[in-house]
Structures are given as C-alpha cells and as structure tokens.
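Engineer: sequence and computational prediction follow.
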Amino acid sequence: MQISLKGQVALVTGASSGLGAGAAQGLADAGAAVVINYHSQPEPAEKLAEQIRAAGGQAVAVGADVSREDEVEKLFAETLKAFGRLDILIANSGLQKDSPIAEMTLEDWNTVINVNLTGQFLCARAALRQFARQEIRPEVSLALGKIIHMSSVHQVIPWAGHVNYAASKGGVNLLMRSIAQEVGEQRIRVNSIAPGAIRTAINTKATSGDAEKKLLELIPYGRVGEAEDVANAVVWLASDASDYVHGTTLFIDGGMSLYPEFRNNG
C-alpha cells in the first residue's frame, strides 16, 4: 500500500530528536509539509528541516515550550504563517524526571505533568480550533483533521520510580479518548500511539549490551524497537488508510504490554 500525505501540513512537537524526529521524517517522506517543533535544541531541528528541504520536501523548525499556553499559540501561528493550514498534529513532546516517590520533588512532578499531559491538552485544543476554521478537502484527506497523541506502554503498565511519567501517560490515554468521543462527529480523528522500548540516542545505555539482553526478557517479539517502527505507525494513522480508526491506542511494543513475566504462570 502506497501512502501519500501530499498537500497536507503536519506539526510534530518535540521533534528535534528521537521519536519526534523519526515521525517528522516519516511524514515528510510521505509528502506532508512538516513543522518541526523543538524546545531547547534548535540545531538538530534546523538540520532535520534542511535535510527534508534538500530532498525536495517542505519543512520549518519552530521553537516553543508546549507547557506554556502563549508559546503554543505562537507555535500554531508560525505553522499557519509557513504553510497556511494544519491537517495533522503529532503531540509528541515528553520528558522524564525519575526518582522514588518519597524522594520526588513537587517541581519534578509538575514539570513532567505540565509537558507530558498539559502540553498535549494545549496543542490538541489549538489544533481543534484551527480545524474548525478549515473546510474538509476529500480529495486530500477524508478527515477534517487528525490528532495523534504520543503515549507509552506505561499508560497501562505501572512503573515504580517513575510515578510522574506513568501518571502523565495514563492521563494522555483518557485525554485522547475523551477528545475523540467529543469531536468524532466533526470528522476529526483522534488516536494515540503507545511505544514500548525503542532504540533512540537518549536511551542507548538501556538498549545495548547486557542491558539490552535484560530488556529483551520483557519483549516477547525478541527485539528492541526502532524509531522507524513508530514513524510507520504515525504515517498510517495520519493517512486515509486508517480512516475508520478513531479513539484507539496503537501499541508499538513487540508485546511488552502483554506482561510477559507471566508467560510461565508468574
């Protein structure tokens, strides 16, 4: 199946590295014009945008802190300035501030919730407001707009030592489902992707050597995921190939969410 997103505009938050960068590249490869959002690292975002343009695509890099309402508004204004509309939002920005709960500071709790959950709310709200100003273009997309939230297997798997992160992803699950319930009749599709263990630069230690061997005990399919695995799912969910998929979380985890520790009866 050949997927084309030609004529559509996608905004990917937290796209200067990792899963966001992979998603932005995948969307651009499928023909979408891409806004690459970054927070504190403009260089890799600008480099990715240049690579996409050099390959004949359309891309710009725009800085914004998605946990701040004013900066989200500016991000969407820059998107419209660059490309005139928005068709696809990938709400990907996220971070971790890990510690045992008894040692976790309120600042670390709030920082993770503000970026991972409130940031997704602010971006989804801005996208929905923009979709409402646009007309559906059935020759380009059967949906008026598409929102894809980046969640995690930890929306269902408890994670000791990471309660702020797990709580934020559990919140993303019901945020997505509640938005989907509300806006589906407007021909706006809303879904989530829940990655498991994915090999990116930020988690090299956890996905190589002895650490990888230990990690594979939690992955029935027997390999660590790659950013491309997630990007492929993003492109599919953004396309008409998934037009009847709405309010669903797609787990990209090699079976990690199957609780493989219980394969031998616990």
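Structural biologist: Thanks, I have it.

Engineer: and the residue lying closest to residue 199 once chain neighbours are set aside, how far from residue 19?
Structural biologist: Nearest non-adjacent residue to residue 199, counting by CB to CB, 6 or more residues apart in numbering: residue 207, 4.6 Å away. All C-beta atoms are positioned from the backbone trio N, CA, C, and that covers glycine. The gap separating residue 207 from residue 19 is 13 Å, by CB to CB, to the nearest Å.

Engineer: who's more crowded, these two?
Structural biologist: Shown here are residue 207 and residue 19; by other CB atoms under 10 Å, residue 19 has more neighbours (26 against 18).

Engineer: how distant is the helix or strand containing the more buried one from the center of its chain?
Structural biologist: Element membership for residue 19, per DSSP states H and E: helix 18-29. From the chain centre to the centre of helix 18-29 is a distance of 10 Å (CA atoms, centre = their mean, to the nearest Å).

Engineer: now residue 112: closest residue in space that isn't a chain neighbour?
Structural biologist: residue 164 (4.0 Å).

Engineer: quick one, what contacts that neighbour?
Structural biologist: 97, 104, 108-109, 112-113 (CB atoms under 8 Å, 6 or more residues apart in numbering).

Engineer: okay, and which of these map to strands?
Structural biologist: Residues of those located in strands (DSSP state E): none.

Engineer: and these, which two are the farthest apart?
Structural biologist: Spanning the widest gap among the contacts of residue 164 are 104 and 113, at 11.6 Å by CB to CB.

Engineer: what's the angle from the biggest strand by length in the chain to helix 18-29?
Structural biologist: The longest strand of the chain (DSSP E) is strand 188-195. Strand 188-195 runs at 130 degrees relative to helix 18-29, counting by axes from the mean of the first three to the mean of the last three CA atoms, to 10 degrees.

Engineer: give me the sheet partners of whichever helix or strand comes after strand 188-195 and which way each runs.
Structural biologist: Per DSSP H and E, strand 188-195 leads on to strand 198-199 as the next helix or strand towards the C-terminus. According to DSSP bridges, strand 198-199 has the following sheet partners: strand 225-226 (parallel).

Engineer: now the strand it pairs with: average pLDDT?
Structural biologist: Regarding strand 225-226, the rounded mean pLDDT is 96.

Engineer: any residues touching stretch 255-266, and which ones?
Structural biologist: Taking CB under 8 Å, 6+ apart as the rule, stretch 255-266 contacts 153, 156-157, 194, 196-197, 217-221, 251.

Engineer: give me the neighbour count for the nearest residue to residue 78 once chain neighbours are set aside.
Structural biologist: Leaving out its chain neighbours, the residue that sits closest to residue 78 by CB to CB, 6+ apart is residue 62, at 4.6 Å. When neighbours are defined as other CB under 10 Å, residue 62 has 23 of them.

Engineer: any idea what residue 62 is bridged to?
Structural biologist: residue 37.

Engineer: next, the contact list for it, please.
Structural biologist: 35-38, 75, 78-79, 82.

Engineer: returning to what we had before: which among the contacts of residue 164 gets closest to residue 143?
Structural biologist: Comparing these against residue 143 with CB to CB places residue 113 closest, at 29.5 Å.

Engineer: so which helix or strand takes in the closest residue to the closest one other than its chain neighbours?
Structural biologist: Of all residues not flanking residue 113 in the chain, residue 168 sits nearest, at 5.4 Å (CB to CB, 6+ apart). Secondary structure assignment for residue 168, by DSSP H and E: helix 163-183.

Engineer: tell me the contacts of residue 24?
Structural biologist: 10, 12, 15, 34, 36, 48, 52, 59, 90.
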